[in-house]
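In: have a look at this prediction, sequence included:
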Amino acid sequence: MKKVFIAIVAFMALSSSVMAAGHVDSVRYLTTKFGQNWFISADATANWWQGSMRVPEGYNNTYTAVEWGKPTFGFTANVGKWINHKTAVRLRYSNTRINSYINRAPHGENDGLGFMYEENATPVEGNVYATTMRYHNLMADFMVSPIDFFQGYYNENRVWTPVLYVGAGTGYTSGDFFALKSIINNLSKNKPEVAGNFELAVSTGLLNNFRLGEHLDLNLDINWTFHRWTIDSWAAEFEQGNLRPKRFDNLYSAALGLTYYFSREYDLPNNCCDEMDIMRRKLDSLMNLPAPDPIHDTVVNFVNVQTEDIISYPFSIFFNRDSYELMSRRDLINLREIAEVAKKNNFKIRLRGSADSATATPAYNQTLSENRCNKIKSELMSMGIPESQIILLPVGGVKELDPTEFDRRVLVELMQEAPKQ
């Protein structure tokens, strides 16, 4: 019996330390499997083009400034994957109409206007023409969720999640809705330099995700993309008198659409229990105990051993800084086992909640530790434990463990029911 008791205490201590390391350290940078957390989205876009061409003074409809009252409309399609709950990558394709000015160089029929398709161009003054074209953009984005970096975990109940991103790719302008059609047409006309008018594009933006359900988000994407000035005027936009190009063309976009997630799984892999089972078996072999049956839906199997006041099955549920939400639903596995033992043996469950004393004020930490106790209390009551059987012991800010972030926890202990008089 003594060996059994020692084995249980040792295993629970080992489990708690593994849980702490896994929650507080590993889950911060945990990557998901390749097939998980893919998403697709489609958006309708309003776009404002700021071209680099300086038109003659006095011409009113200049595109050198952003004309907010005259947007053009298009669409964006995306496919991507969340690497973990903090970072993601996606491939983005945009298609819209833009209005711009070009300078038709007088020294070559194939310069400038020939690229912009004569049927879409109107003379303005001298060699300056106003023109309309299709703009295509293919970008690779790297995305970051700032809220999840601060919280350290994914909250499935969060309604609004802002995501910052930066991207790089290529832009292309054409006279057709389909870029491939323009490329083929120009190649057939022996204009390979026009067909290959791709320019490097760089962008940044803010994606706002509004959760509608387990698999669906409404998204609002605010984006700024810029390119070298030749994207809309080819090589004909050169320095000539007042016609002096800027360095970049800019596209400002607002996109509204839907995102469909094939899955949203950001916790530890499901084989965690197998790993814990292997650890438990190794510990049992060291204690010369027979190997127990394999476990399935629980991490820990408790043995009914009664001592004096406290039944020594303590384990810790860890929290992030300034939070009383569960860091992982995995913790409920051990909590459910505790609840079953308590119900069968009429044991009380004591919840000792704490915060780390290195942050916040004593009064704030006391409230935080109370909230953490009440959170676990509500979970236990949902498992069938009556309120009278739960003892709360919020102790506020403490410095007991190293590193101090391990002090952000609720210690769960089983206690014997006091003998009836």
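Out: Yep, it's here.

In: so what pLDDT did the residue nearest to F347 when sequence neighbours are not counted get?
Out: If you skip the residues right next to it in sequence, F347 has L414 as its closest partner in space, 4.8 Å away by C-beta to C-beta, 6 or more residues apart in numbering. Every C-beta, even on glycine, is put in place using the N, C-alpha and C of the backbone. Confidence per residue is given as pLDDT, and for L414 that number is 87.

In: tell me the bridge partners for L414.
Out: On the basis of DSSP bridges, L414 takes part in beta bridges with I311, I349.

In: and it, how many neighbours does it have?
Out: L414 is flanked by 20 other residues according to other C-beta atoms under 10 Å.

In: check whether it really touches E340, as I assumed.
Out: No - counting by C-beta atoms under 8 Å, L414 sits too far from E340 to count as a contact (11.0 Å).

In: can I assume V166 is in contact with L206?
Out: No - distance between V166 and L206: 11.1 Å, which falls outside the contact criterion (C-beta under 8 Å).

In: which residues touch S388?
Out: By C-beta atoms under 8 Å, 6 or more residues apart in numbering, the contact set of S388 is empty.

In: can you give me the distance of it to K344?
Out: If you measure S388 against K344 using C-beta to C-beta, to the nearest Å, the figure is 17 Å.

In: cool, I83 as well?
Out: The separation that I83 has from K344, given C-beta to C-beta, amounts to 43 Å.

In: who's more crowded, the two?
Out: Residue environment comparison for I83 versus K344 gives the larger neighbour count to I83, 17 against 9, counting by other C-beta under 10 Å.

In: for that one, what are phi and psi?
Out: The phi/psi pair for I83 (degrees, to the nearest 10) reads phi -70, psi -40.

In: isn't it right next to V89, touching?
Out: Yes - with contact defined as C-beta under 8 Å, I83 reaches V89; the gap is 6.7 Å.

In: now the helices for the stretch 1-150 of the chain?
Out: If DSSP state H, counting those that start in this stretch is used as the criterion, the helices of the stretch 1-150 of the chain fall at 2-24, 146-151.

In: could I get the average pLDDT for the longest one?
Out: Computed over helix 2-24, the mean pLDDT rounds to 40.

In: so, low pLDDT: which residues of the stretch 151-300 of the chain?
Out: 152-153, 191-196, 233-247, 266-300 (pLDDT under 70).

In: go on, the stretch 301-421 of the chain?
Out: Low-confidence segments of the stretch 301-421 of the chain, defined by pLDDT under 70: 301-313, 417-421.

In: low-confidence stretches in the stretch 1-150 of the chain?
Out: Low-confidence regions of the stretch 1-150 of the chain, defined here as pLDDT under 70, cover residues 1-32, 53-65, 103-120.

In: distance of I83 relative to L216?
Out: Using C-beta to C-beta, one obtains 21 Å as the distance from I83 to L216.

In: I meant V89, not that one.
Out: Distance, V89 to L216, using C-beta to C-beta: 21 Å.

In: which other helices and strands contact whichever helix or strand T259 is part of?
Out: In this structure, T259 is located in strand 248-261 according to DSSP states H and E. Under the contact criterion of 3 or more C-beta pairs under 8 Å, 6 or more residues apart in numbering; DSSP states H and E, strand 248-261 touches strand 38-50, strand 72-82, strand 87-103, strand 216-228.

In: can you put those in TSV and add distance to H136 and mean neighbour count?
Out: As requested, the helices and strands packed on strand 248-261 are exported to TSV (distance: least, C-beta to C-beta, whole Å; neighbours: other C-beta atoms under 10 Å):
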stretch	distance to H136	mean neighbour count
strand 38-50	12	19
strand 72-82	10	18
strand 87-103	6	20
strand 216-228	12	18
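
In: tell me which of those sits nearest to Y252.
Out: For those, the distance to Y252 is smallest for strand 38-50, at 4.5 Å, taking C-beta to C-beta.

In: note down every partner strand of the closest one and its orientation.
Out: Strand 38-50 has the following strand partners under DSSP bridges: strand 72-82 (antiparallel), strand 248-261 (antiparallel).

In: how about the last one: buried residues?
Out: Judged by neighbour count using 16 or more other C-beta atoms under 10 Å, the buried positions of strand 248-261 are 249, 251-255, 257, 259, 261.

In: could I get those residues as a markdown table with distance to P123?
Out: Written out in a markdown table, the entries for the buried residues of strand 248-261 read as follows (distance: C-beta to C-beta, whole Å):
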| residue | distance to P123 |
| --- | --- |
| D249 | 21 |
| L251 | 25 |
| Y252 | 28 |
| S253 | 30 |
| A254 | 32 |
| A255 | 34 |
| G257 | 38 |
| T259 | 44 |
| Y261 | 51 |
